[in-house]
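Undergrad: Sequence first, predicted coordinates after that:
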Amino acid sequence: MLKIFPNTFEEKFCQDFSKEQPEYNWQILQVANLFIDGKVDVFGIRCDLDKLLDNIDPTTGEKWPPKHYKEYRFHAGAAPGDVKFLWEYMKHNFLVSLGKAYLLTKDIRYVEKSKEFIEKWLEKTPDSIGVSWVGHVHMCQRMVNWFSWLDLTKGCSLLDAKFYAKVDEYIKKEVKLLEAEYESPRNNHKLVSLVTILLCELHFEDKSSEFWLEKLAETVDNLIYEDGGFAEQSISYHRLCVEALLILGIAYTNYHMAVPDFILEPIKRSLDYFTALKTPAGSLPLIGDNSNEILIARPTDFWKTEYLFQLARYLGITVESTPKVDADAYFYVGKKTISQAKPLPQTRECAFSKTGHFVIGNERDYAFLRAGEFGFYAPNSRSGHPHSHCDQLGVILYLDGLEILTDPGTYRYNENDFERMLMKDESFHSTFLVDNKHQGVYTSSFSYAKAVDGTGRIEQGSIVGELQIGGVKAKRRVTLSPKSCLIEDTFLAEDNNKHNLQLYFCLHPRFTIVKTESTRVVLQHIGSRRFLAITHDTGTIPEILPGYVSREYNEALPNQRLVFNLSLEEQREIKFHFQYVENKD
């Protein structure tokens, strides 16, 4: 049996954990008790387990047809609903909470009900039939969650050799499919698939890993750059891949096997990158697609990252200290991963030139700008730049600890879905459009054509990004000073034609527009009631557009966007100055 957790979960650990982590305990029991009542939460929707086991879509109530997994088409109009909802349930993240609840409470019902569920799942899931066999990464997430549950519940009298044999038979079928189709996924799916194959080798005590290690090394090299950034231009999927490498490294350590450098070094580079990008809110910016994909299932905030750093310490990788015990890491490896916190430096200038991500700031003021490769592109693949957004020269901005300009995140995933197209578009980011020519031609949910790359650098303490599109050369300079930010844009018509410019600013939901003038826009922060002025020299009054941001999948929070409609003949220089003011007048 694969040992996922190095922790032995002795009685003292369980007692200490219950005493020291009451909030985490409550979160675990909330998930576990909901399951005992026959329900699970799917993207904020409370769903009936029996209906989900019968492939009833939780959003539409329609039944997904029992087809061979290669026959499904998921775009809008060809499917009973957004398949991400069914996939979210099919990851079986809730099993990990059930295993933890059993350990901490010694209540055997948590094992009884989860075993009953697994047996029903095995009964109702024919080989290669149904959407649970589609999407390599979702199969891998389910397998890792099963391994975690088996590790957490081992020794329980309800689990006998017959049950384990049935589970192993199903896992063997899944890993056989992953092995047969390992070349098909080109991105994070491939990395996670290869990691899962290697974990299965440990589970089944198979020592034929040299081929799969070689393929994993190639994939890691393609996806995680030397500067620590991620080829797919997605923070969420980057973290998923780091989780996969951490789990594999921990598993090898548990089995007293050497962890290859090609696993350890990209974890270190990635965590250095995450540290540099961390916002004053302590979170990572929402760059590119995010869809709640995790491999280390946990009940806490999806965007928390402390556990990554603490799990890395178990592998001998020290990047950042954290101020307190992280419950998720504590459950894995105990308190040995914890050390004293290190404050952020007074000033930050971080350039990830290959990835095209740039950060300047301090503890309270922060600016991020993207200017680099549009995103991962695999030759001979139908999917070009699958998780990128049209956000080159886009800005994320915090002043005095408050987020002002934000990223819209990802609300939907269905092919040709209206919200999906919108939230990948320039108009939902703080960037610009020239004659409505997009940075990439959107061809499907996971594909662009004719994508445009940018370039960036940090110059004299400012971020400078450049982009050429539609006959226009654009340059953006972002400069921070205490509690204020200056954005300077220069547009040059290299083709000598007249052009239309649209400059967008995507506001955080807690900022609302209270005044617009030809030289100034005033925002008010909801809650603190602070006012912030955007002084500009456009000579025009911007339009106010409605919108929304989605910090997590299916989570729509309304926001406002500004758009300045301008003309360009030869060259135009524009300045936007963000600064707090006493009142709206």
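TA: In hand now; what should we look at? Numbers count the residues shown, from 1 in each chain.
Undergrad: is it true that K166 touches L122?
TA: Yes: in terms of Cβ atoms under 8 Å, K166 counts as a neighbour of L122; the distance is 5.9 Å. From N, CA and C alone the C-beta is placed, and that goes for glycine too.
Undergrad: what bits of the stretch 401-550 of the chain have low per-residue confidence?
TA: The stretch 401-550 of the chain contains residues with pLDDT under 70 at 415-416.
Undergrad: quick one, helices of it?
TA: 418-423 (DSSP state H, counting those that start in this stretch).
Undergrad: residue boundaries of the strands in it?
TA: In the stretch 401-550 of the chain, the segments counted as strands under DSSP state E, counting those that start in this stretch are 402-405, 432-434, 441-444, 447-449, 455-459, 462-469, 472-481, 484-493, 499-506, 511-516, 520-525, 531-536, 543-549.
Undergrad: For the next helix or strand after the last one, buried residues please.
TA: Spelled out, that is strand 543-549. Next helix or strand after strand 543-549 toward the C-terminus (DSSP states H and E): strand 557-568. By neighbour count on 16 or more other Cβ atoms under 10 Å, the buried set for strand 557-568 is L557, N559, Q560, R561, L562, V563, F564, L566, L568.
Undergrad: Contacts only, for the nearest residue to the first one once chain neighbours are set aside.
TA: To tie it back to what came earlier, the one meant is L557. Computed as Cβ to Cβ, 6 or more residues apart in numbering, the closest residue to L557 that is not its neighbour in sequence is P509, at 4.5 Å. The contact partners of P509, by Cβ atoms under 8 Å, 6 or more residues apart in numbering, come to T406, I526, Y548, V549, L557, P558, N559.
Undergrad: Next: L568.
TA: Residues near L568 by Cβ under 8 Å, 6+ apart: V434, V472, F491, A493, K498, H499, N500, L501.
Undergrad: W146 now?
TA: By Cβ under 8 Å, 6+ apart, the contact set of W146 is H92, L95, I118, V167, I171.
Undergrad: how does it look with 10 Å?
TA: L2, I4, H92, L95, V96, I118, W121, V167, Y170, I171, E174, H203 (Cβ atoms under 10 Å, 6 or more residues apart in numbering).
Undergrad: Tell me the secondary structure at the fourth one.
TA: Spelled out, it's L95. When classified by DSSP: H, G, I helix; E, B strand; the rest coil, L95 comes out as helix.
Undergrad: From what I see, it and M143 are in contact.
TA: No: applying Cβ atoms under 10 Å as the test, L95 and M143 come out as separate, 11.2 Å apart.
Undergrad: The nearest residue to G44 once chain neighbours are set aside: how many residues sit nearby?
TA: Nearest residue to G44, sequence neighbours excluded (Cβ to Cβ, 6+ apart): N554, at 5.9 Å. Using other Cβ atoms under 10 Å, N554 has 20 neighbouring residues.
Undergrad: Over to D16?
TA: D16, neighbours per other Cβ under 10 Å, totals 14.
Undergrad: With L405 instead?
TA: Residues near L405, counting by other Cβ under 10 Å, number 25.
Undergrad: who are the neighbours in contact with the spatially most central residue of the chain?
TA: Geometric centre of the chain, nearest residue: S236, 1.6 Å, by Cα atoms, centre = their mean. Each residue near S236 by Cβ under 10 Å, 6+ apart is listed here: 188, 230, 284, 286-294, 302-303, 387, 409-410, 552-553.
Undergrad: hang on, the earlier thing: I'd like the contacts of W146 laid out as a markdown table, including pLDDT and distance to L271.
TA: Formatted as a markdown table, those follow (pLDDT from 0 to 100; distance: Cβ to Cβ, whole Å):
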| residue | pLDDT | distance to L271 |
| --- | --- | --- |
| L2 | 92 | 25 |
| I4 | 93 | 21 |
| H92 | 98 | 28 |
| L95 | 98 | 28 |
| V96 | 97 | 23 |
| I118 | 98 | 34 |
| W121 | 97 | 35 |
| V167 | 97 | 34 |
| Y170 | 97 | 34 |
| I171 | 97 | 30 |
| E174 | 96 | 30 |
| H203 | 95 | 27 |
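Undergrad: Can you add secondary structure, distance to D365 and neighbour count and give these back as TSV?
TA: Below are those laid out as TSV (DSSP: H, G, I helix; E, B strand; the rest coil; distance: Cβ to Cβ, whole Å; neighbours: other Cβ atoms under 10 Å):
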residue	secondary structure	distance to D365	neighbour count
L2	coil	46	22
I4	coil	41	25
H92	coil	42	25
L95	helix	43	26
V96	helix	38	27
I118	helix	50	19
W121	helix	50	17
V167	helix	52	19
Y170	helix	52	17
I171	helix	50	21
E174	helix	48	20
H203	helix	48	21
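Undergrad: want to throw these into TSV with distance to F331?
TA: Converted to TSV, the contacts of W146 look like this (distance: Cβ to Cβ, whole Å):
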residue	distance to F331
L2	17
I4	11
H92	18
L95	14
V96	9
I118	21
W121	25
V167	22
Y170	26
I171	23
E174	25
H203	20
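Undergrad: quick one: which of these is nearest F531?
TA: When the contacts of W146 are ranked by distance to F531 (Cβ to Cβ), V96 comes first, at 45.3 Å.
Undergrad: still on that earlier bit, secondary structure class for the residue nearest to the centre of the chain?
TA: Assignment for S236 (three-state DSSP): helix.
Undergrad: Looking at it now. What's its pLDDT?
TA: At S236, the predicted lDDT confidence score is 95.
Undergrad: Report the contact partners of the residue nearest to G44.
TA: N554 makes contact with 42-45, 59, 82, 84-85, 88, 291-292, 410-413, according to Cβ under 10 Å, 6+ apart.
Undergrad: Same question for V478.
TA: Taking Cβ under 10 Å, 6+ apart as the test, what V478 contacts is 358, 360, 367-369, 393, 395, 397, 458, 462-465, 485-489, 576.
Undergrad: Equivalent analysis for Y442, please.
TA: Each residue near Y442 by Cβ under 10 Å, 6+ apart is listed here: C390, N416, R420, M421, K424, D425, Y448, A449.
Undergrad: From Y307, how far off is I247?
TA: Note on I247: its distance to Y307, by Cβ to Cβ, to the nearest Å, is 12 Å.
Undergrad: no no, N554
TA: When distance is defined by Cβ to Cβ, N554 is 23 Å away from Y307.
Undergrad: repeat for W87
TA: W87 is 23 Å from Y307, by Cβ to Cβ.
Undergrad: and what of R298?
TA: As for R298, its distance to Y307 is 7 Å (criterion: Cβ to Cβ).
Undergrad: again with A474
TA: Distance from A474 to Y307, by Cβ to Cβ: 39 Å.
Undergrad: Likewise for K12?
TA: Taking Cβ to Cβ, one finds K12 at 22 Å from Y307.
Undergrad: before we move on, the earlier item: filter the contacts of L568 down to the buried ones, PyMOL style.
TA: Applied in PyMOL, the following selects the buried portion of the contacts of L568 according to 16+ other Cβ under 10 Å:
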select buried, resi 434+472+491+493+499+501
